[in-house]
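**Q** Show me how the following folds:
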Amino acid sequence: MAKGKSYLSCLLGLAIFTGGAIVSSPASAVMTDNGFRDGGFEYIFGSYAPGGDCSREPRLTIDSAGMTFRANGRTVQVSRFEYAASFFGMTYDGIMLAFYPFPTGEYEMGDLLMYVNNDEVAGNILIESNAAPGNRMDPFHAALVGSYRLCAGTGSGVAPPQLAEAEPVAGVPLGWANLRSLVGRYPGSYSEDNIDLFDNGEVAAALRAMLGAKMDVLEVNLSTVGPLERQGDIYYISGNAPHRGGEDQAYILIDGAKRAVQVGLWEQGKLTVYAPASGRLPVPPDIQRMLNNSPGEAANAAPGTPWELLPVQGRAPVAYVEAAASTSITSLSLYCENGRPYMAMLLGRGAAGTRITLTWNFAGRLVDIPVQRANNEGTYWVGGIANTPLVQHLMTQKDMVYLRIDGRLEGEASLAEAPAVLRSSLQGCVRF
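**A** Residues are numbered from 1 along each chain as shown. Below you'll find the model as predicted:
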């Protein structure tokens, strides 16, 4: 639903309602039971905290014994965790490492995923939710989600290992006639058995003609990629940029008989589909699942649009922001009703149940807002925000905030212009 008249109609209905009542596993993982005592990881040893300030929590220390996490006044030490050895692909030669610090079983990776040397920057750590859709995270684990930086003077001083650069090898050019024989092979230039998807062959030529300059984006967004697969007459490949699944990813559909290709390209959480002039190709079930679990063509690209005032006839304006890179959330609104502050959430498709929890994650500072269904379709949800730190964080935090529904990552929202907009819209029910 677009903002404007239809949005305001829903909001006015909500105002009446609120006034009267008030959801990964690694390709190859190595389990360790004795921390990092086997050696080879000394270059990541040290203490990490938000902004590199070890007087703050949450805080993380990595040493030979393992990992020690501190949050909300509690300390948890782990020596048993999963190192996702091939998380970034078999040919990855960067310095990033992926860990599952709280596995719950042999094939259960737990609800957190940790990237060390995130974005190829030594000393950066990012901890993300790995909770299954609809599952709530352990509260202690939820408090650890966020970005960390190595605290000054705590590092080991050991340099990351230097990996030898593999010599590229020409793969098999992908053509219309050899698709069937290449099913199960991977794109890449590290083996002569691999597929040459981007440089040579009829399929590469068709992709270049369709995408132009976006061909470079496609190649990056298929850095971590699966093999060529087949469903009926359609062959397909999908993948994502390293640790950017859901935001920077892609799929390719190939119909050899029609000599046609189709590309779905996500950039910063927004999908663009490049289809043949004759119409879109049938989508195999694997790709349909990818589409169902990813932001769509109507999503905003991250970091999203600034906050704005949305006028409402006969009442104070509403503070409004559109979500970005979200599979479900269209927009969020804050407003006053009968002297109390409320939050409204608009979904692009209805959710089941009568109550859900929207979590705002401000760089590890979590604010849970229980919301209840406010229309029959399950697209509108409302909750009170009095006696919560939500407005305070919106006024003081910078850049953007991550969003979650019942523990499931649901994109983000920009914090640009939030202070000015909130002062104007909530002055009747919030003391600034």
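**Q** In a helix, residue 423, correct?
**A** Yes: under the criterion used here (DSSP: H, G, I helix; E, B strand; the rest coil), residue 423 sits inside a helix.
**Q** I'd guessed it sits against residue 432; true?
**A** Yes: with contacts counted by C-beta atoms under 8 Å, residue 423 reaches residue 432, the gap being 5.8 Å. Just so you know, the C-beta spots here come from the backbone N, C-alpha and C atoms, and that holds for glycine as well.
**Q** ok, the two, which is more surrounded?
**A** Between residue 423 and residue 432, residue 423 has the larger neighbour count (other C-beta atoms under 10 Å), namely 14 against 10.
**Q** Return the per-residue confidence for the residue of the chain positioned farthest from its centre.
**A** Of all residues in the chain, residue 314 has its C-alpha farthest from the mean position, at 38.9 Å, by C-alpha atoms, centre = their mean. Note for residue 314: predicted pLDDT of 85.
**Q** what sits against residue 199?
**A** For residue 199, no residue meets the contact criterion (C-beta atoms under 8 Å, 6 or more residues apart in numbering).
**Q** Roughly how far does it sit from residue 205?
**A** With distances defined as C-beta to C-beta, to the nearest Å, the gap from residue 199 to residue 205 amounts to 10 Å.
**Q** Equivalent analysis for residue 170, please.
**A** Relative to residue 205, residue 170 is positioned 16 Å away (C-beta to C-beta).
**Q** Who has more neighbours out of those two?
**A** Regarding residue 170 and residue 205, a neighbour count based on other C-beta under 10 Å identifies residue 205 as having more, with 15 against 11.
**Q** Before we go further, the more buried one is sitting in a helix, right?
**A** Yes: secondary structure assignment places residue 205 in a helix (three-state DSSP).
**Q** what residue lies at the spatial centre of this protein?
**A** Among the residues of the chain, residue 246 comes closest to the average C-alpha position under C-alpha atoms, centre = their mean, at 5.4 Å.
**Q** Please name the nearest non-neighbouring residue to that residue.
**A** residue 294 (5.6 Å; C-beta to C-beta, 6 or more residues apart in numbering).
**Q** Residue 432: what's it in contact with?
**A** Neighbouring residues of residue 432 by C-beta under 8 Å, 6+ apart: 395, 423, 426.
**Q** mind listing what residue 152 touches?
**A** Contacts for residue 152 were tallied using C-beta under 8 Å, 6+ apart; they are residue 52.
**Q** what's the pLDDT at it?
**A** Looking at residue 152, its pLDDT is 95.
**Q** How about the one 4 residues further on?
**A** The model reports residue 156 with a pLDDT of 92.
**Q** Repeat that for residue 227.
**A** pLDDT at residue 227 comes out at 94.
**Q** again, but for residue 165
**A** In the predicted model, residue 165 carries a pLDDT score of 60.
**Q** domain assignment for this protein?
**A** Under automatic domain parsing, the residue ranges defining each domain of the chain are 5-23+301-425, 33-150, 172-292.
**Q** can I get those in a markdown table with distance to residue 160?
**A** Supplementary listing: the domains of the chain in a markdown table, determined by distance: least, C-beta to C-beta, whole Å:
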| stretch | distance to residue 160 |
| --- | --- |
| domain 5-23+301-425 | 25 |
| domain 33-150 | 5 |
| domain 172-292 | 16 |
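**Q** and of those domains, who's closest to residue 158?
**A** If you check each of those against residue 158 by C-beta to C-beta, domain 33-150 wins as the nearest, at 4.3 Å.
**Q** I'd like the distance from that closest one to the chain centre, please.
**A** Computed by C-alpha atoms, centre = their mean, to the nearest Å, the chain-centroid distance of domain 33-150 equals 17 Å.
**Q** What of stretch 350-362?
**A** Here the centre of mass of C-alpha atoms in stretch 350-362, compared against the chain's by C-alpha atoms, centre = their mean, lies 17 Å away.
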